[in-house]
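Novice: Attaching a predicted model along with its sequence, questions to come.
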Amino acid sequence: MVLLWENFLQMLIKIDNSRVALFGGSFDPIHNGHIIIINHLVDQFDKVIIMPANISPHKTGTPPRVSNDHRCNMIRLALKTIPGAEISTYEIDKNGPSYTVETIQYLRKFYSKLELVIGYDQYVKFKQWYKWQKIIDSVNVNVIARGDSIIPKINNKIYNFIQIENLDISSTMIRKNINNNKSIRTLVPNLVERYILEHDLYKTS
């Protein structure tokens, strides 16, 4: 009886056959490096889902520096001028550590052509991810890499490498600039800069 009910619920869910990219991270804060990637992705995919992590399993000792609400508000501001990209708060709403394999399982209920997008630094540590083999068996993996990146194979599988230059921006750099009273104008979208200043975010002293 339970199985019949689950099958019935699956029939009610409308499956989207669009090609969809899942791009996750802490986004603490979202910055122009992220925006360059997102703009590139919206040219290649029908939809791009930005997924802020609640707690990264690899950063359990260092939670986000600002609240989930602040991070999500900054993402929404940054995406205002990027049609085709949208935020999902699934991992935040779920609470606890954010495991990509669980997020993929959830989104696959709605998107049949879901693909994962990760950074090169995440790719080289991919075998440390929770149930990483299940991830590569479930979705195509797209890796953001610079032209000088050395590309190792994982499990003898070929991945799609997206070459993007000028990504020398990090959230750590932005937080450091703020604490040193340096400008972040060229590092984040204008609306995000204004939001950070208005709410006095990332000041540790």
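Specialist: The structure has been received and is ready for your questions. As the structure is a prediction and not an experimental result, all values here were calculated from the model.
Novice: Figure out the helix or strand that the spatially most central residue of the chain lives in.
Specialist: Centroid-nearest residue in the chain, with CA atoms, centre = their mean: Gly24, separated by 1.5 Å. Secondary structure from DSSP states H and E places Gly24 in strand 16-25.
Novice: strand partners of that strand, parallel vs antiparallel please.
Specialist: Strands that pair with strand 16-25, judged by DSSP bridges, come out as strand 47-52 (parallel), strand 111-119 (parallel).
Novice: Now that strand - C-alpha only, CSV.
Specialist: The C-alpha coordinates for strand 16-25 follow below in CSV (Å, rounded to 0.1, in the frame of the first residue of the first chain):
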residue,chain,number,x,y,z
ASP,A,16,11.2,19.2,-15.9
ASN,A,17,13.3,18.0,-18.9
SER,A,18,15.4,21.2,-19.1
ARG,A,19,19.1,20.9,-18.7
VAL,A,20,19.8,22.2,-15.2
ALA,A,21,23.1,23.1,-13.5
LEU,A,22,23.5,22.8,-9.7
PHE,A,23,26.1,25.2,-8.4
GLY,A,24,26.6,25.1,-4.6
GLY,A,25,28.9,26.6,-2.1
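Novice: Name the residues of stretch 92-103 that come out as buried.
Specialist: Residues Ile92, Pro97, Ser98, Tyr99, Thr100, Val101, Glu102, Thr103 are the ones in stretch 92-103 that count as buried (16 or more other CB atoms under 10 Å). Where you see a C-beta, it was placed from the backbone N, CA and C, and this is true even at glycine.
Novice: Please tell me how far that stretch is from the chain's geometric centre.
Specialist: 12 Å (CA atoms, centre = their mean, to the nearest Å).
Novice: Residues touching that stretch, excluding its own?
Specialist: Applying CB atoms under 8 Å, 6 or more residues apart in numbering, the contact partners of stretch 92-103 are 22, 24, 51-57, 60, 68, 72, 90-91, 116, 129-132, 134-135, 138.
Novice: quick one: average pLDDT of the biggest helix by length in the chain?
Specialist: Taking DSSP state H as the criterion, the chain has its longest helix at helix 32-44. On average, the pLDDT along helix 32-44 is 95.
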